[in-house]
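> Provided below for reference: sequence and predicted model.
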Amino acid sequence: MRDPYELIVIGGGPAGLSAAISAKNNGLSQILVVERDVELGGILNQCIHNGFGLHYFGEELTGPEYAWRLRDQLSTMDIDTVTDTMVLSFEKQGPVYHLTLMSAKDGYRTLRTDSIILAMGCRERTRGAIQIPGARGTGILTAGTAQRYVNMEGYMVGRRVIILGSGDIGLIMARRMTLEGAEVLACVEIMGHSGGLNRNIVQCLDDYDIPLLLSHTITHIEGKDRVSRVTVQKVDSSFAPISGTEQFFDVDSVLLSVGLIPENELSRAAGIAIDPKTGGPVVYENRETSLPGVFASGNVLHVHDLVDFVSEESELAGRYAARYVQQDSDKRVSFEEQVIDMVPKAGISYAVPHKVRPQGVDDFVEIFFRVTEPHKTPKRIVFKDGEQTIAAFRRPYMAPGEMEHVRIPKKLLERVTGSQLVITVDD
């Protein structure tokens, strides 16, 4: 390992690997990827189903195959990697950042770098986060934990299963458990719509006759040593259980797919501004955070539905991190120049990037966003500068579980006279 580096990437999943490869392709030579797991690849290593890579590689791959493609590219590029190592903190001291790392092999050490890319991914919400009342027997797992046990460790986590939440991992595990011989009794979703991709609803639930109970939730868990029964109730518009709607399911396992949380403890400790809606850093058009020279991409920034988009976004972060290191400080786009805030309003949950500096845009800026409710008829996504419509894009169908994105040309951004672009869903 060297010291100092031009760039240190924190996280060796698809975001971190794609960002490091991009930075190398854009001229950086001293790059380190730090991964806390024992091998590179991140969550892809346990996602043995196909459906990855159609956008990014132009062919359908499994998760491990997608990860192998990235690792294979990395292995030919003289990029340093270290695994089984945690980044404990980072802070700017003078012109460079100092990172503290800890590993069982090498102990405690400090490295210096000109720039950082945050690519730590996300974690699952647990039972404690949603506070389901009842017994605390075994058999209650997050869907991702169950996926790792079944796909990588070779353990069967249950025979009669109910799934709470309809995120993509939960939907995929409904199919996986069925294929392993378990009976999946239902997938229970508190919202009035699924939180996963429509293709996963069809392929993982409909194809296996697994019911999806919308506007329902688990209100009680029974079982002394292991889960034995759960109570499911319908909820009203305020998500309160409706008395008299109780259903009882005899199960031995409950899988939780109730949302993902970007891993931003490091970011918060470093003083980076966090968007309360996404749980990720507030970023500019180049994925730079509120700390100069620190960039973010992938699920640490906002939860993606397709890993292909993670890689594309991370390529952008890697390219701009390389540009940051290579440019003289007086030529960098500063935070004080014209800044346009992306303001999600009626019908839009969030938008990334949060801020755009037209001077820092090459040809266009790509805006990623999610809607707050399903739209089964054509709608427009409208960007307004006061009363002036800067851009509008028509979509035939939209759903909260599917991330949308549009491209706004630089020439349109240069027409903005105010400090905000308000984003809404319109007829």
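Good, I have the coordinates. Residues are numbered from 1 along each chain as shown.
> Distance across stretch 329-340, terminal residue to terminal residue?
Stretch 329-340 has an end-to-end distance of 22 Å (criterion: CA to CA, to the nearest Å).
> do stretch 78-87 as well
Stretch 78-87 end-to-end distance (CA to CA) = 22 Å.
> ok, residue 135 touching residue 222?
Yes: contact criterion CB atoms under 8 Å: residue 135 and residue 222 qualify, at 5.6 Å. The way it works is simple: take the backbone N, C-alpha and C, and place the C-beta from them, glycine included.
> measure residue 54 to residue 240 for me?
Computed as CB to CB, to the nearest Å, the residue 54 to residue 240 distance reads 41 Å.
> With neighbour numbers in mind, choose between the two.
residue 54 (13 against 10; other CB atoms under 10 Å).
> Give me the phi and psi angles of that one.
When quoted as degrees, to the nearest 10, the phi and psi of residue 54 stand at phi -60, psi -40.
> same question, residue 399
Torsion angles, degrees, to the nearest 10, at residue 399: phi -150, psi 150.
> I'd say it and residue 195 touch.
No: Residue 399 lies out of contact with residue 195 (CB under 8 Å); the separation is 9.2 Å.
> Neighbours of the residue nearest to residue 135 when sequence neighbours are not counted, how many?
Sequence neighbours aside, residue 223 is the residue nearest to residue 135 in space, at 5.1 Å (criterion: CB to CB, 6 or more residues apart in numbering). Residue 223: 19 surrounding residues under other CB under 10 Å.
> Just list the residues touching residue 223, thanks.
Residues in contact with residue 223 (CB atoms under 8 Å, 6 or more residues apart in numbering) are 135, 137, 139, 229.
> List the residues that contact the third one.
Contact partners of residue 139, counting by CB under 8 Å, 6+ apart, are 157, 158, 223, 226, 227, 251, 252, 253, 254.
> could you point out the longest strand in this structure?
strand 107-118 (DSSP state E).
> Would you mind identifying the next helix or strand past that one?
Counting by DSSP states H and E, the next helix or strand C-terminal to strand 107-118 is strand 122-124.
> ok, and for that following strand, which residues are buried?
Under the neighbour-count criterion of 16 or more other CB atoms under 10 Å, strand 122-124 has 122, 124 buried.
> How far does that strand sit from its chain's centre?
The chain centre lies 8 Å from the centre of strand 122-124; the measure is CA atoms, centre = their mean, to the nearest Å.
> one step back: out of the contacts of residue 223, which sit inside strands?
residue 229.
> okay if I get the contacts of residue 223 as TSV plus pLDDT?
Below are the contacts of residue 223 laid out as TSV (pLDDT from 0 to 100):
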residue	pLDDT
135	92
137	91
139	96
229	98
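> and which of the contacts of residue 223 is nearest residue 421?
The closest of these to residue 421 turns out to be residue 139 (CB to CB; 48.2 Å).
> Tell me the helix or strand right after the helix of greatest length in the chain.
Criterion DSSP state H: the longest helix present in the chain is helix 307-326. Once helix 307-326 ends, the next helix or strand along the chain (criterion: DSSP H and E) is strand 340-344.
> now what about the next helix or strand after that next one, what contacts it?
Heading C-terminal from strand 340-344, the first helix or strand you meet, by DSSP H and E, is strand 348-352. Contacts of strand 348-352 with the rest of the structure, by CB under 8 Å, 6+ apart, involve 275, 277-278, 280, 283, 301-302, 342-344, 367-372, 381, 400, 423-425.
> from those, which would you call buried?
For those, buried by 16+ other CB under 10 Å: 275, 278, 280, 283, 301-302, 342-344, 367-371, 381, 400, 423-425.
> Which residue is the nearest non-sequential neighbour of residue 268?
That would be residue 274: by CB to CB, 6+ apart, it lies 6.2 Å from residue 268.
> right, and that neighbour touches residue 264 too?
Yes: Residue 274 lies in contact with residue 264 (CB under 8 Å); the separation is 6.1 Å.
> For these two, indicate the residue with more neighbours.
residue 264 (22 against 16).
> can you give me the mean pLDDT across stretch 380-390?
Averaged across stretch 380-390, the pLDDT comes to 96.
> now do stretch 400-415
Model confidence over stretch 400-415, given as mean pLDDT, is 95.
> Going forward, count from 514.
In the new count, where the first residue is 514, that last one comes out as stretch 913-928.
> end-to-end on it?
30 Å.
> do stretch 659-667 as well
10 Å.
> neighbouring contacts of it?
558-561, 654, 668-671, 682, 685-686, 689-690, 693, 766, 768.
> Show me which residues of that stretch are buried.
Buried positions in stretch 659-667, judged by neighbour count with 16+ other CB under 10 Å: 659, 660, 661, 663, 664.
> Let's see which of these end up in helices.
Per DSSP H, these map to helices at 659, 660, 661.
> that older thread, reformat the contacts of residue 736 as CSV; add distance to residue 759.
Compiled in CSV, the contacts of residue 736 are given as follows (distance: CB to CB, whole Å):
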residue, distance to residue 759
648, 17
650, 20
652, 21
742, 11
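> Neighbour-wise, give me the winner out of the contacts of residue 736.
Neighbour-wise, those (other CB under 10 Å) top out at residue 652, 19 neighbours.
> follow-up on the earlier one: helices or strands next to the longest helix of the chain in the packing?
strand 518-523, helix 527-538, helix 576-588, strand 620-631, strand 807-809 (3 or more CB pairs under 8 Å, 6 or more residues apart in numbering; DSSP states H and E).
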